[in-house]
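In: got a structure for you, letters missing:
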């Protein structure tokens, strides 16, 4: 890729590609890397049926100094979920799977076990939208088992078969369809459904029915000869610099096991933008793929909602669909603007489980640049509406479910306290994370709706819409606070955990003072 005399970027064939200023694209990449350094990074813009622009930064391996190229293989983590979702939709097209049928109808080696007999069955659609009532963790005891969350160390026995992993069944903790909670286990179940319905191992099915038709020659679910020779090394950035991560396999392959290269990701995005058509034939019907980009779970009409395997969003009034991925040592992101025929991907080999790193903020930043949209920023010029703030202030606790709430605990702790401080509305998560504990200022984001705000997420390089619902007329359901698809219920202040902690601390200080006084008097 080179720059033409007019300043537009040019593709491999040398044709001018209007609308992309390569200098601006490179400046955006540099700006993001300045904030989130990475040993290696690959990013590309896809439109017009192929890879229009590509950039590579750094190395695939620090010791060998092997540079990042279009064929460098990265672990792409949860982007895997979009492939698993496409596999399910292929079976749906063939009449082999009904999205609204109970998932247990298709599972052979294990079952989903409801916590209450009154629960409706968890369906395939529930699994595709992270609303099956299954947590990010299987059970509370998993927190005491090192490696369960991120995988088992490769070289021992590899990832256990799901029949062993879920030998006692997978617990459905809350009523399916009522709560969104991100779940790798839910997509592991979907991968098992593909195997049980087709009789093929999931890796073979994906190669035959998705990777092959799309021409993705350096992509696989397992560490095969297709990916091993060009596989990058993963790192984390700590006080002593870059540190190589332990090599692990995920125990939930359908949720995060895929390896892929930039050139293959470009082919994948191009097919998604062409209605499912790849280099060697279609993988889905256009209408089926379009349905995956529509909301199938939408807790509030002011939110984009959740598609089938794809997370929905909005950029400057354009609907987007995409996914991010996290595996220790690797971060990835892709985002599509289907209506504009444009997609962007970013792959990096530096990052931890926090998800903080270059790919997640870079992909949407490049998309906005290509679409001619202003950079993401808090909107100004929208007057605040403090007359409703007294209604919004209070403590908002997570929905019921101790295991399903574990995913939100690191960021939001025991809930969110909304207060007015310094003349501004502040959302203060009750969490030990210092950056979040300081609170998020809520900026008005809709001149016609005083309950719509936007807040910057510290350390992630992005902002997020924050919505408040009005109290329902039935007088029973509590008002809610929504941060993306995370939902919190307004609860009585008397149940605010901060008050308990503060009260306990005061009582403790008082007790110490009394003991000290008695000792002094004696």
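Out: Alright, I've got the coordinates. Nothing here was measured: the structure is a model prediction, and the numbers come from that model. Numbering: from 1, shown residues only.
In: doesn't residue 141 belong to a strand?
Out: No. Assignment of residue 141 by DSSP: H, G, I helix; E, B strand; the rest coil gives helix, placing it outside any strand.
In: if I look at it, how far off is residue 486?
Out: As judged by C-beta to C-beta, to the nearest Å, residue 141 and residue 486 stand 24 Å apart. (Glycine included, C-beta is placed from N, CA and C.)
In: repeat for residue 172
Out: When C-beta to C-beta is applied, the distance between residue 172 and residue 486 equals 19 Å.
In: who has more neighbours out of those two?
Out: Neighbours were tallied for residue 172 and for residue 486 using other C-beta atoms under 10 Å; the higher tally belongs to residue 172 (25 against 22).
In: pairing partners for that one in the sheet, please.
Out: Following DSSP bridges, residue 172 is listed with bridge partners residue 114.
In: I'd say it and residue 120 touch.
Out: No. With contact defined as C-beta atoms under 8 Å, residue 172 does not count as touching residue 120 (9.9 Å).
In: residue 36: neighbouring residues, count only.
Out: For residue 36, the number of neighbouring residues by other C-beta under 10 Å comes to 22.
In: mind listing what the residue lying closest to it once chain neighbours are set aside touches?
Out: Excluding the flanking residues, the one nearest residue 36 by C-beta to C-beta, 6 or more residues apart in numbering is residue 358, at 4.3 Å. Listed by C-beta atoms under 8 Å, 6 or more residues apart in numbering, the contact partners of residue 358 are 32-33, 35-38, 41, 331, 346, 348, 350.
In: then residue 39?
Out: Under the criterion of C-beta under 8 Å, 6+ apart, the contact partners of residue 39 comprise 58-59, 62, 233, 235, 242, 348-350.
In: equivalent analysis for residue 222, please.
Out: Under the criterion of C-beta under 8 Å, 6+ apart, the contact partners of residue 222 comprise 203, 253, 257.
In: by neighbours, which of those wins?
Out: The member of these surrounded by the most neighbours (other C-beta under 10 Å) is residue 257, with 31 neighbours in all.
In: quick check: that one touching residue 248?
Out: No. The pair residue 257 and residue 248 fails to qualify as a contact (C-beta under 8 Å) at a distance of 11.1 Å.
In: relative to residue 414, how far out is residue 63?
Out: Following C-beta to C-beta, the distance that separates residue 63 from residue 414 is 44 Å.
In: these two - which one has more neighbours?
Out: A count of neighbours by other C-beta under 10 Å puts residue 414 above the other of residue 63 and residue 414, at 19 against 8.
In: wait, that one touches residue 491, no?
Out: No. In terms of C-beta under 8 Å, residue 414 does not count as a neighbour of residue 491; the distance is 10.6 Å.
In: what do these two both touch?
Out: Taking C-beta under 8 Å, 6+ apart as the contact rule, the neighbours common to residue 414 and residue 491 are residue 397.
In: roughly how far does the spatially most central residue of the chain sit from residue 372?
Out: The residue at the geometric middle of the chain, judged as the C-alpha nearest the mean C-alpha position with C-alpha atoms, centre = their mean, is residue 324 (4.9 Å). Per C-beta to C-beta, residue 324 is found 24 Å from residue 372.
In: contacts for the longest strand along the chain next, please.
Out: When the chain is scanned for its longest strand (criterion: DSSP state E), the result is strand 50-61. With C-beta under 8 Å, 6+ apart as the contact definition, strand 50-61 has outside contacts at 1, 9, 11, 17, 20, 22, 25-26, 29, 33, 38-46, 65-70, 72, 230-233, 262-263, 266, 270, 349.
In: please repeat the previous calculation with a cut-off of 6 Å.
Out: Outside of strand 50-61, the residues that reach it under the criterion C-beta atoms under 6 Å, 6 or more residues apart in numbering are 1, 9, 11, 17, 20, 29, 39-45, 65-68, 72, 232-233, 266, 270.
In: sounds good, over and out.
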